[in-house]
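K.L.:
Sharing a sequence plus its predicted fold:
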Amino acid sequence: MATITIEEAQATLADLIHNLEPGEELIITENNIPLAKIIPQMPVEGKRPGPGLCKGMITINADDDDHLQDFGEYMP
């Protein structure tokens, strides 16, 4: 979570918003007191998350037909 003063934010707000990555937050402060939080709501067109973000989280067992027997009553 990045923090920036209100003076710095006023000078470069458009650049700050356009350079935020998905999920990144920016806190705007005045006199070291948080005033606002900027969170990107939609991915900026042309910017995509890099490949491999889910690496190791998904396992596909293409050769495993045994589990299909459990769903036999649901399949036509």
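P.N.:
Received the coordinates, thanks.

K.L.:
Tell me what L26 is bridged to.
P.N.:
On DSSP bridges, the residues paired with L26 through beta bridges are A2, I38.

K.L.:
count of neighbours near it?
P.N.:
The number of residues packed around L26, counting by other Cβ atoms under 10 Å, is 19. (Glycine included, C-beta is placed from N, CA and C.)

K.L.:
do the same with the one 10 residues further on
P.N.:
The number of residues packed around A36, counting by other Cβ under 10 Å, is 11.

K.L.:
On the three-state scheme, the residue lying closest to it once chain neighbours are set aside is what?
P.N.:
By the measure of Cβ to Cβ, 6 or more residues apart in numbering, the closest residue to A36 outside its immediate chain neighbours is I28, 4.5 Å from it. For I28, the secondary structure call by DSSP: H, G, I helix; E, B strand; the rest coil comes out as strand.

K.L.:
Repeat that for E8.
P.N.:
Using three-state DSSP, the three-state assignment for E8 comes out as helix.

K.L.:
I'd like the distance between it and L16.
P.N.:
E8 sits at a distance of 8 Å from L16 (criterion: Cβ to Cβ, to the nearest Å).

K.L.:
still on that earlier bit, in terms of pLDDT, where does the residue nearest to A36 sit?
P.N.:
Reading off the per-residue confidence, I28 sits at a pLDDT of 93.

K.L.:
Could you do D66 as well?
P.N.:
Here, the pLDDT recorded for D66 equals 72.

K.L.:
Count residues in the vicinity of it, would you?
P.N.:
Residue crowding around D66 was assessed by other Cβ under 10 Å; the count is 8.

K.L.:
Distance-wise, check the residue nearest to M1 when sequence neighbours are not counted relative to L16.
P.N.:
In space, and not counting its chain neighbours, M1 is closest to E25: 4.7 Å by Cβ to Cβ, 6+ apart. The spacing between E25 and L16, counted by Cβ to Cβ, is 12 Å.

K.L.:
Could you do M75 as well?
P.N.:
Using Cβ to Cβ, we find M75 at a distance of 53 Å from L16.
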